[in-house]
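In: The following block contains a protein sequence and its predicted model.
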Amino acid sequence: MDKKLNHSDLSTLFSKESALSAAKAELFTKNFFDLIIEGLEKDGIVKINGLGTFKVVDVASRSSVNVNTGEKFEIKGHRKIAFLPADTLKNKVNQPFAMFEPVEISDDYVDTGDSAAEESVEESNEPTSESCEPQTVAAVETVEPENPTESSPAVELKEPVVSEEPVEEVADTPESEPAVTIEATEDSNNEETASEPVTDKEKEAPKAVKQHKKSRMGVTITLISLFVVSLSVVGIYYFIVPKNNMLKRDNLIIQKSLAAINEPAKEAVKEEIIPQYTVVEESVAIDTIQTVEPEEIVEQKAEKQPSEDIFVILPELTTRPLSSITESDTTLYKIVGEIATHRVASNETLTRIALKYYNDKRFWPYIVHYNKMGNHNRLEIGMTLKIPRLVTK
Amino acid sequence: MNNKEFISKLAQRCKMSVAESTAAVNTFTNVITERLKENDQINISGIGVFEVKTRRERVSVNPKTGQRMLIPPKIAPSFRPSAKLKDKYKETEE
């Protein structure tokens, strides 16, 4: 590797390879090259199979510029010796890179072209300096650890959110029942026809088996309409009914409805209630699916629906009840000084830190803003965050 | 001078048969090839240097179609004539 061989080195190697004596090999080597020169003088071209072609090439005269003085001068036409390696020699020498082939580059290729070029540069470095490789590997390794740290807080964050929302939904489920029973009187025609096939599935109403052959279309349409109605009722109840009363009433209503189910005489009431169970289950399922969303979306959601966020604790900063705090309120504070500096521990998220200092997770953007964090998803363990003091504007 | 002439003349000079000379030339080129494969430089005084050069990858453009091609890197054998030989040919022109 990378040795410099001279005439005698070459002839000794040659004598080893062939059966010739050292003296004869020496003579052969000498004559070999002498003959090349002679041939060049005589014909201007010497072709040797397996090695290549030596050629005398004319170089036309050209004008050039003296770099120092700027003077123009002419380089006289001359001849030079060119060597064109034979294909066998070329291929054998190029064996390390033999697997590469020219690649067509499309017009929108800018980035990948660079990366491909870099790759090939690295590979071209490989045979000469293998130290390149470990460096790149190390670089990759340093990049990698960041991802787990990011993802783990994200996973952590999902837990509390998931735990909150289903609880709300459970609270909802009883509400929707009475609401529909009230409205059922209005939509009684539609719902009764629809609810009977559903009760078939539940197998709680044996009488409904007679009406088993009702069209599926009607069932699906009424199911969707029931779903929409229940959702709207849920929404209305959120705005109208105070929370505590709701829970008490809900319990009563659940008992009532259970009692109603037990009574076979009140079939009409039963039919209206049972489909509601199924619909509510669906809505819960959908909501739980929505909660298992990426960190950011969940956070945004929490921001956008503050009125529904019943379970957030009152912030100590304000004397107002939290229920009156809306999204716009979280932008109503200005930053005055600092409360503390916080060192990010593992399993901590911005929302958790905000919850710790402000008793409200929605205040995390202030921390981001105050610390001038470019990418607030990049919260790293050991990072020190300055916690701003917030005062109402 | 083509390969055949070269071999026959070499046979005359080294007092070998043409067959022997052919075999010898083959092994000789093989030796050179093997050395070049190992990244070695073969320096023949008065003639020049045989060596390998690494050519970086490059983007070439087909002037007719404008199609750009990424030409992969390669290792190319090369011969650098000695200054003595170069000068000889420069002078013969004049």
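Out: That came through fine.
In: Could you use CA atoms for every contact and neighbour count after this?
Out: OK.
In: give me the low-pLDDT residue ranges for chain A?
Out: A:1, A:107-215, A:241-331 (pLDDT under 70).
In: Break it down into its domains, please.
Out: Under the assignment automatic domain parsing, the domains of chain A span A:7-97, A:148-291, A:297-392.
In: close to chain B, is the first one?
Out: Yes: counting by CA under 8 Å from any CA of the partner chain, chain B has neighbours in domain A:7-97: A:7, A:10, A:13-14, A:17-18, A:24, A:27-28, A:31-33, A:35, A:37, A:39-40, A:43-51, A:78-85, A:89-90, A:92-94, A:97.
In: List of residues touching the longest helix seen in chain B?
Out: If you go by DSSP state H, chain B has its longest helix at helix B:18-37. The contact list for helix B:18-37 (CA atoms under 8 Å, 6 or more residues apart in numbering or on different chains) reads A:10, A:13-14, A:17-18, A:50-51, A:89, A:92-94, B:7-8, B:10-11, B:41-42, B:50-52, B:77.
In: re earlier: so among the residues of domain A:7-97 next to chain B, which ones count as buried?
Out: A:10, A:13-14, A:18, A:28, A:31-33, A:35, A:37, A:39-40, A:44-51, A:78-85, A:89-90, A:92-94, A:97 (16 or more other CA atoms under 10 Å in any protein chain shown).
In: Filter the residues you listed down to just the ones in strands.
Out: A:45-48, A:78-85 (DSSP state E).
In: Could I get those in CSV, plus columns for distance to residue A:386?
Out: Shown next, in CSV, are these (distance: CA to CA, whole Å):
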residue, distance to residue A:386
A:45, 80
A:46, 79
A:47, 78
A:48, 77
A:78, 75
A:79, 75
A:80, 73
A:81, 73
A:82, 71
A:83, 70
A:84, 69
A:85, 68
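In: tell me which of these is nearest to residue A:239?
Out: Distance to residue A:239 across these (CA to CA) is lowest for residue A:85, with 86.9 Å.
In: in stretch B:55-67, what's buried?
Out: B:57, B:59.
In: for the record, mean pLDDT for that stretch?
Out: Mean pLDDT, computed over stretch B:55-67, is 88.
In: CA-only coordinates of it in CSV, if you can.
Out: C-alpha atoms of stretch B:55-67 as CSV (Å, rounded to 0.1, in the frame of the first residue of the first chain):
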residue,chain,number,x,y,z
ARG,B,55,-11.4,11.0,-9.3
ARG,B,56,-14.2,12.6,-7.3
GLU,B,57,-17.8,12.2,-8.3
ARG,B,58,-19.1,15.0,-10.4
VAL,B,59,-22.2,16.2,-12.2
SER,B,60,-22.0,16.2,-15.9
VAL,B,61,-24.6,17.7,-18.2
ASN,B,62,-25.6,16.3,-21.6
PRO,B,63,-25.4,19.4,-23.7
LYS,B,64,-28.0,18.2,-26.1
THR,B,65,-30.7,17.2,-23.7
GLY,B,66,-29.7,19.1,-20.6
GLN,B,67,-29.9,15.9,-18.7
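In: Just checking it against chain A, any contact.
Out: Yes: Stretch B:55-67 lies within reach of chain A by CA under 8 Å from any CA, at B:56-57, B:67.
In: Could you single out the nearest of those residues to residue A:379?
Out: Of these, the one sitting nearest to residue A:379 (CA to CA) turns out to be residue B:57, at 40.3 Å.
In: Name the nearest residue to that closest one, ignoring sequence neighbours.
Out: residue B:73 (4.0 Å; CA to CA, 6 or more residues apart in numbering or on different chains).
In: tell me the contacts of residue A:357?
Out: residue A:387.
In: Contacts only, for residue A:351.
Out: Residue A:351 touches A:361-364, counting by CA under 8 Å, 6+ apart.
In: Report the beta-bridge partners for residue B:77.
Out: Following DSSP bridges, residue B:77 is listed with bridge partners residue B:52.
In: Quick one, grab the pLDDT at it.
Out: For residue B:77, pLDDT reads 90.
In: Surely it touches residue B:53?
Out: Yes: between residue B:77 and residue B:53 there is a contact at 6.2 Å, judged by CA atoms under 8 Å.
In: who has more neighbours, these two?
Out: Between residue B:77 and residue B:53, counted using other CA atoms under 10 Å in any protein chain shown, residue B:77 has the larger neighbour count: 26 against 15.
In: Can you give me the distance of the more buried one to residue A:45?
Out: Distance of residue B:77 to residue A:45, given as CA to CA, to the nearest Å: 18 Å.
In: got a list of what residue B:2 touches?
Out: A:45-48.
In: Next: residue A:392.
Out: A:332-334.
In: low pLDDT regions in chain B?
Out: Using pLDDT under 70, chain B drops low at B:91-94.
In: Show me where it has its helices.
Out: Under DSSP H, chain B gives helices at B:3-14, B:18-37, B:83-93.
In: Using PDB, write out the CA atom coordinates for the longest one.
Out: This file holds the C-alpha atoms of helix B:18-37, laid out as PDB (Å, rounded to 0.1, in the frame of the first residue of the first chain):
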ATOM      1  CA  VAL B  18       7.500 -15.000 -29.300                       C
ATOM      2  CA  ALA B  19       5.400 -17.300 -27.100                       C
ATOM      3  CA  GLU B  20       7.700 -16.800 -24.100                       C
ATOM      4  CA  SER B  21       7.700 -13.000 -24.800                       C
ATOM      5  CA  THR B  22       3.900 -13.000 -24.900                       C
ATOM      6  CA  ALA B  23       3.700 -14.800 -21.600                       C
ATOM      7  CA  ALA B  24       6.300 -12.500 -20.100                       C
ATOM      8  CA  VAL B  25       4.500  -9.400 -21.200                       C
ATOM      9  CA  ASN B  26       1.300 -10.700 -19.800                       C
ATOM     10  CA  THR B  27       2.800 -11.400 -16.400                       C
ATOM     11  CA  PHE B  28       4.700  -8.100 -16.500                       C
ATOM     12  CA  THR B  29       1.400  -6.100 -17.100                       C
ATOM     13  CA  ASN B  30      -0.200  -8.200 -14.400                       C
ATOM     14  CA  VAL B  31       2.500  -7.300 -12.000                       C
ATOM     15  CA  ILE B  32       2.000  -3.600 -12.800                       C
ATOM     16  CA  THR B  33      -1.700  -4.000 -12.500                       C
ATOM     17  CA  GLU B  34      -1.400  -5.700  -9.100                       C
ATOM     18  CA  ARG B  35       0.900  -3.000  -7.800                       C
ATOM     19  CA  LEU B  36      -1.400  -0.200  -9.000                       C
ATOM     20  CA  LYS B  37      -4.400  -2.000  -7.400                       C
END
